[in-house]
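Q: below is the structure, and that's it, no one-letter string:
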């Protein structure tokens, strides 16, 4: 989920920065786009790290019976 969110934020930021040529008074869409791209990159990296950490954990439980 975090990886997908990061990609979406990055794409929206890139669209705001590079594709739109709208001038709004008091709002700098380029800066908002750069902020969204940075947030998307951070979210993507966090998602990758969490994915790698989860992959290293053992799955399931080990049951040992002491049968004499």
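A: Here it is on my side, so go on. What you see is a predicted model, and the numbers here were worked out from it, not measured in a lab.

Q: for this structure, give the helix that spans the most residues.
A: Identified as the longest helix of the chain according to DSSP state H is helix 29-56.

Q: flag every buried residue along it.
A: Neighbour-count burial for helix 29-56 flags 29, 33, 36-37, 39-40, 43-44, 47 (criterion: 16 or more other C-beta atoms under 10 Å). For the C-beta atoms, the positions are set from N, CA and C on the backbone; glycine is no exception.

Q: what packs against that helix?
A: Under the contact definition 3 or more C-beta pairs under 8 Å, 6 or more residues apart in numbering; DSSP states H and E, helix 29-56 sits against helix 2-14.

Q: chain center to the helix it packs on, what's the gap?
A: 7 Å (C-alpha atoms, centre = their mean, to the nearest Å).

Q: tell me the mean pLDDT over that helix?
A: What helix 2-14 shows for mean pLDDT is 95.

Q: quick one on the thing from earlier: can I get the buried residues of helix 29-56 in TSV including pLDDT?
A: Output for the buried residues of helix 29-56, formatted as TSV (pLDDT from 0 to 100):
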residue	pLDDT
29	93
33	96
36	97
37	97
39	97
40	97
43	96
44	96
47	94
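
Q: nearest to residue 2 among those residues?
A: residue 47 (3.3 Å; C-beta to C-beta).

Q: ok, the closest residue to the closest one other than its chain neighbours - contacts?
A: Nearest-residue entry for residue 47: residue 2, 3.3 Å, with adjacent residues in sequence omitted and distances by C-beta to C-beta, 6 or more residues apart in numbering. Each residue near residue 2 by C-beta atoms under 8 Å, 6 or more residues apart in numbering is listed here: 43-44, 46-47, 50.

Q: let's go with 7 Å and repeat that
A: 43, 46-47, 50 (C-beta atoms under 7 Å, 6 or more residues apart in numbering).

Q: confidence score at residue 38?
A: What the model reports as pLDDT for residue 38 is 97.

Q: distance-wise, check the closest residue to it other than its chain neighbours relative to residue 3.
A: Using C-beta to C-beta, 6+ apart and skipping residues adjacent in sequence, the residue nearest residue 38 is residue 13, 7.7 Å away. Residue 13 is 16 Å from residue 3, where distance means C-beta to C-beta, to the nearest Å.
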